[in-house]
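> let me see the structure of the following:
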Amino acid sequence: MNRARLNLFGSLALTWLFAVLAAVGVYAYMAHLDLRHVRETLMVAPRVEAALAAQELHELRLRADHLAMDPAFVDYVAQSLVPNPSLGNAIDSTSIADLLNARRKGYDLAMVLDPDGKPAARSGTLLDDDTQLRADPAIAQVIKTLQPVQEVRAEQGHIILVVAEPLLRGGALQGVLFTARELGSAFAKAIAGTVGAGIALVTTPAQDATAMPESGLSQGILAAIRDSKVIRQSKLTRTQLIDLRVAGPTLPALAAPLLTRGGQATLVALDPGFDPMSAAAGTAWPLWLGILVLAGIASGLAVLRWRRTDAPLEQICTILERGVQGDHELVIPSRGAATPWRLGELITRLFAQMSDAGR
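Model prediction:
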């Protein structure tokens, strides 16, 4: 193989090597951009959760205020909490429970406690441990200060909103109204719909995760969330970007601690359908097409240069070698670009003159 062909093949090889390297670089950069976009989207989730939780807590407070400030309700509760001889000097818990059942709208739990904090009647099954409620710090604070208390808790495997209101008549404490609402399926669905990501609400220790089918989280993803060391740690103090190892691709996720009392609660946000390879390929293919076109043009120019310049020059060199060896009866074909063509013409004339002089 002559030198001109070697140069041609070398040029083509370098051209396509650079094209491949450029395609790989484009892919890596697009994968980086896609990952950054996903993470920026996930970073919105804690702010959305905080806004929605504040809205839910405000609504619960308004409902509890409306009930606790109803004089008829307070009077009925006060009368029912007085020991009734016909009931064996017991309070009329049934009447209070019936009233709570009738008035419980927007609560998962509505409960009345006596002025000492002893549970008297309830409506709802959330937080069904009445013994624990007797020592509840929010109830103790309401009894002490006669001021409402509202907070978000992680308790008994639930993330709940709590509002405790004093039941006052003439400035005297008649009892305590304790209301609660769980931040569960509907709440997770609302966050997921707003952010456009899968959402899981996890309590620590992470024995269970609450996630909606609408959030698109499979059992495999939930298992990966529960097994994550970052989420399982006793106290997550700041928002962290993590990688969840699921069967298949590693999913970028975000773990954010929720402001709760009691146990630890964590918001986990991720895109369950994120595939870094397909995502990068989907955005990189127009640039890949451009690289392919440019590499094709460069290859075509290399071949054209070889045909118009390198190949004619190689032919001239071959003929000159014969001329050096004494053969002056040579004619160089006129071909190629202007310079090789002119060079061939001049050498042919030179050989003709040398041949005439030799005669």
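> now do the helix or strand harbouring Gly193, average pLDDT.
Assigned by DSSP states H and E, Gly193 falls within helix 185-195. Averaging pLDDT along helix 185-195 yields 87.
> list the buried residues of that helix.
Of the residues in helix 185-195, Phe187, Ala188, Lys189, Ala190, Ile191, Ala192, Thr194, Val195 count as buried by neighbour count, 16 or more other CB atoms under 10 Å. Placement of C-beta: from N, CA and C, glycine included.
> okay if I get these as TSV plus distance to Pro115?
Shown next, in TSV, are the buried residues of helix 185-195 (distance: CB to CB, whole Å):
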residue	distance to Pro115
Phe187	33
Ala188	38
Lys189	40
Ala190	38
Ile191	39
Ala192	43
Thr194	42
Val195	44
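> which of the residues you listed sits closest to Asp136?
Nearest to Asp136 out of these is Phe187 (CB to CB; 22.3 Å).
> so that closest one versus Arg103, what's the distance?
From Phe187 across to Arg103, the span is 23 Å (CB to CB, to the nearest Å).
> which residues of the stretch 201-350 of the chain score low on pLDDT?
For the stretch 201-350 of the chain, the stretches flagged by pLDDT under 70 are 205-216, 232-235, 248, 276-277, 279-281, 323-338, 340-341.
> got the residue ranges for the strands in it?
Per DSSP state E, counting those that start in this stretch, the stretch 201-350 of the chain carries strands over the ranges 209-211, 240-245, 250-257, 261-262, 264-270.
> deepest of these, which one?
Among these, strand 264-270 has the highest mean neighbour count (mean count of other CB atoms under 10 Å), at a mean of 26.
> same question for the longest helix seen in the chain, mean pLDDT?
Determined from DSSP state H, the single longest helix within the chain is helix 3-42. Averaged over helix 3-42, pLDDT sits at 85.
> list the helices and strands that helix packs on?
Applying 3 or more CB pairs under 8 Å, 6 or more residues apart in numbering; DSSP states H and E, we find helix 3-42 packed against strand 250-257, helix 276-305, helix 311-324.
> still on that earlier bit, next, the angle from the helix holding Gly193 to helix 3-42.
Interaxial angle, helix 185-195 versus helix 3-42 (axes from the mean of the first three to the mean of the last three CA atoms, to 10 degrees): 140 degrees.
> Pro312 contacts Gly344, correct?
Yes. Assessed by CB atoms under 8 Å, Pro312 is found in contact with Gly344 at 7.0 Å.
> any low-confidence regions in the stretch 1-150 of the chain?
For the stretch 1-150 of the chain, the stretches with pLDDT under 70 are 1, 84-90, 128-135.
> and the strands in it?
Counting by DSSP E, counting those that start in this stretch, the stretch 1-150 of the chain has strands at residues 109-113, 119-123, 149-155.
> quick one: list the elements packing against the first one.
When contacts are defined as 3+ CB pairs under 8 Å, 6+ apart, strand 109-113 sits against helix 93-103, strand 119-123, strand 172-182.
> mind giving me JSON lines with these and columns for distance to Ser218?
Converted to JSON lines, these look like this (distance: least, CB to CB, whole Å):
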{"stretch": "helix 93-103", "distance to Ser218": "38"}
{"stretch": "strand 119-123", "distance to Ser218": "36"}
{"stretch": "strand 172-182", "distance to Ser218": "23"}
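> export those to CSV and tack on distance to Ala53 and mean neighbour count?
Formatted as CSV, the helices and strands packed on strand 109-113 follow (distance: least, CB to CB, whole Å; neighbours: other CB atoms under 10 Å):
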stretch, distance to Ala53, mean neighbour count
helix 93-103, 24, 16
strand 119-123, 23, 21
strand 172-182, 10, 22
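> Val82: what's it in contact with?
Shown in contact with Val82 (CB atoms under 8 Å, 6 or more residues apart in numbering): Ile91.
> which one of the strands of the stretch 201-350 of the chain lies nearest to Leu57?
Nearest to Leu57, of all the strands of the stretch 201-350 of the chain, is strand 261-262, at 12.7 Å by CB to CB.
> neighbouring contacts of the closest one?
Strand 261-262 has contacts (CB under 8 Å, 6+ apart) with Glu151, Val152, Arg153, Ala154, Glu155.
> could you check how far the closest residue to the third one other than its chain neighbours is from Leu313?
With CB to CB, 6 or more residues apart in numbering as the criterion, Arg153 has its nearest non-adjacent residue at 4.6 Å, and that residue is Gly262. Spatial separation of Gly262 from Leu313 under the definition CB to CB is 86 Å.
> what does Asp227 give?
From Asp227 over to Leu313 the distance is 69 Å, taken as CB to CB.
> summarise which helices and strands the helix holding Gly193 is packed against.
Using 3+ CB pairs under 8 Å, 6+ apart: helix 185-195 touches helix 45-68, strand 198-204, strand 209-211, strand 264-270.
> just send these back as TSV, with distance to Ala255 too.
Formatted as TSV, the helices and strands packed on helix 185-195 follow (distance: least, CB to CB, whole Å):
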stretch	distance to Ala255
helix 45-68	10
strand 198-204	8
strand 209-211	12
strand 264-270	5
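> between those, which gets nearest to Tyr29?
The closest of the helices and strands packed on helix 185-195 to Tyr29 is strand 264-270. By CB to CB, the value is 22.8 Å.
> distance between the closest one and the chain's centre?
With CA atoms, centre = their mean, to the nearest Å as the basis, strand 264-270 stands 12 Å off its chain's centre.
> nice, that's everything, thank you.
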